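Visitor: Need coordinates for the below:
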Amino acid sequence: MSERISREELVKIYKIEVTFFDELVNSGLLNIQTENEIRYLMYEDLPNFERFTNWHYDLEINLPGLEVIHEMLQKMNDLRQKNRELMNKLSAINDTYEEG
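Guide: Reported below is the predicted structural model:
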């Protein structure tokens, strides 16, 4: 089983409201596992949770804002990946052209 942390532990450690955590889950920003009615966040999702918590409490960004920012960052990452793939293809074509 992967490492995980319960919602209650997160609320206590990060000093956040349970409702904020639940809103992140309900909006699809966090994926959780539920076992014996206890909600768990997987450790690999902890960086996203921390980012959302910082944006919300430190920068006062509301949930719709978090959703928009998250979606835009995902799109930027997708575009970066596609750009890398295209640059690699272009490089391969240039290498082939220079050899021929």
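
Visitor: What ranges does this protein have for its strands?
Guide: 4-6, 32-35, 38-42 (DSSP state E).

Visitor: Tell me which of the ones you listed is the most buried.
Guide: The highest average neighbour count among the strands of the chain, using mean count of other Cβ atoms under 10 Å, belongs to strand 38-42 at a mean of 18. (C-beta placed from N, C-alpha, C; glycine too.)

Visitor: What helices and strands are in contact with that strand?
Guide: Judged by 3 or more Cβ pairs under 8 Å, 6 or more residues apart in numbering; DSSP states H and E, strand 38-42 is in contact with strand 4-6, helix 7-14, strand 32-35.

Visitor: could you check the angle helix 7-14 makes with that strand?
Guide: Interaxial angle, strand 38-42 versus helix 7-14 (axes from the mean of the first three to the mean of the last three Cα atoms, to 10 degrees): 60 degrees.

Visitor: List the contacts of strand 38-42.
Guide: 2-8, 10, 21, 25, 30-34, 49 (Cβ atoms under 8 Å, 6 or more residues apart in numbering).

Visitor: Run through the residues that contact the residue nearest to residue 46 when sequence neighbours are not counted.
Guide: Nearest residue to residue 46 in three dimensions, chain neighbours excluded: residue 5, at 7.3 Å (Cβ to Cβ, 6 or more residues apart in numbering). Shown here is residue 5, whose contacts under the criterion Cβ under 8 Å, 6+ apart are 40, 41, 43, 46.

Visitor: Pipe the helices and strands packed on strand 38-42 into TSV and attach mean pLDDT and distance to residue 77 per row.
Guide: Compiled in TSV, these are given as follows (pLDDT from 0 to 100; distance: least, Cβ to Cβ, whole Å):
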stretch	mean pLDDT	distance to residue 77
strand 4-6	96	24
helix 7-14	96	25
strand 32-35	96	22
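
Visitor: Between the ones you listed, which one is closest to residue 69.
Guide: Closest approach to residue 69 among these (Cβ to Cβ): helix 7-14, 18.8 Å.

Visitor: what packs against the closest one?
Guide: Checked by 3+ Cβ pairs under 8 Å, 6+ apart, helix 7-14 has helix 18-26, strand 38-42, helix 46-58 packed alongside it.
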